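Enquirer: Quick one, fold the following:
(one chain, ligands or ions: 1)
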Amino acid sequence: MSWFKRETGDVATSPENGDGERRVRTEGLWVKCLGCRQPIYKPDLEANLNVCPKCDHHFKMGARQRIELLLEPGYDVVDQGLRSTDPLNFHDIKPYKQRLRKAQEETGLDDAILNAVGMMGPHGVVLSAMEYAFIGGSMGAVVGETIARAVDRARTERKALIVVAASGGARMMEGVVSLMQMAKISTALAQLDDARVPYICLLTDPTTGGVTASFAMLGDLNIAEPGALIGFAGPRVIEQTIRQKLPEGFQRSEFLWRKASSTPSSTAAT
Ligand SMILES: [Zn+2]
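Expert: I've put the predicted structure just below:
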């Protein structure tokens, strides 16, 4: 009688391994760091809050994880159930409706944003976190409306507003409707400012396009993750337009911090 009994069939082996030698699959346990190119043991990365333990590279983080990390247990996720109506009935290589469905299935979210109300230490806050995995964190009508609701909630409940930006910009599949969100959120933020309720924006990798051009730069305090790409047009587009090589670290947090620290602006890199 054997001393060891396998409960779930055979050990999984690599499919290319045809020589009979058995190798246990380890995929999914290691990730390659985009900063130092070293393999990182996933549990080590998670224990270090998605920051590379070897080079301090900040990995992308989903909206849910961001809320979980920033708020004390017992927070409420709010303003859910809004979904895009595809106002332009947009098709490119595939229908926008299909892209939306896929993104909803993959992320479990209605759109590229999640609002929550809870405590950050002793402070009650309204937190709005963007989800880059949902069509590049792009801003359409649902993202705009959800952030506007977070702003209004912060104003009426007199709780500080924190927005975590992670976005490729406006959502082209919603055309002018997505551009209108810039004005809509900016107007709500002006009212929040009049009410003297603080607004902090955390810029993560990447924060670009219409998001940078509106609420991401309107914080009373703008804080950026190290090494985050922050800009309006991407560096490649700028380089091709002006036909000049851009300086090292262009549009990264530290570069912007150096440029901004010579002005009275409060933009800061942590
Ligand atoms: Zn690294």
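Enquirer: Which helix or strand contains the residue nearest the centre of the chain?
Expert: The structure's the chain has its C-alpha centroid closest to residue 166; by Cα atoms, centre = their mean the separation is 3.1 Å. Element membership of residue 166, judged by DSSP states H and E, is strand 160-167.
Enquirer: Just give the strands next to that strand in its sheet, each with its orientation.
Expert: strand 123-130 (parallel), strand 199-207 (parallel) (DSSP bridges).
Enquirer: hmm, back to that, make sure the residue nearest to the centre of the chain is actually in contact with residue 206.
Expert: Yes: if you go by Cβ atoms under 8 Å, residue 166 and residue 206 touch, sitting 7.1 Å apart. Yep, even glycine has a C-beta here, placed from its N, CA and C like the rest.
Enquirer: shared neighbours of the two, anything?
Expert: Common contacts of residue 166 and residue 206, defined by Cβ atoms under 8 Å, 6 or more residues apart in numbering, comprise residue 132.
Enquirer: Which residues of the stretch 51-200 of the chain lie near the ion?
Expert: 52, 54-55, 57 (Cβ under 5 Å from the ion).
Enquirer: Give the next helix or strand downstream of the strand holding residue 166.
Expert: Downstream of strand 160-167 (by DSSP H and E), the next one is helix 175-194.
Enquirer: I'd like the average pLDDT over that following helix.
Expert: Here helix 175-194 scores 97 as its mean pLDDT.
Enquirer: Name the residues that touch it?
Expert: Residues contacting helix 175-194 (Cβ under 8 Å, 6+ apart): 87-88, 90, 138-141, 143-145, 147-148, 151-152, 154-155, 161, 170-172, 199, 210, 213-215, 218, 220.
Enquirer: buried set for that helix?
Expert: 177-179, 181-182, 184-185, 188-189, 192 (16 or more other Cβ atoms under 10 Å).
Enquirer: shaky segments in the protein?
Expert: Residues of the chain that meet the criterion pLDDT under 70 lie in 1-27, 263-270.
Enquirer: do that again at 90, thanks
Expert: Counting by pLDDT under 90, the chain has low-confidence residues at 1-28, 234-237, 248-249, 259-270.
Enquirer: out of the strands paired with strand 160-167, nearest to residue 44?
Expert: Distance to residue 44, taken as Cβ to Cβ, is lowest for strand 199-207 among these, at 20.4 Å.
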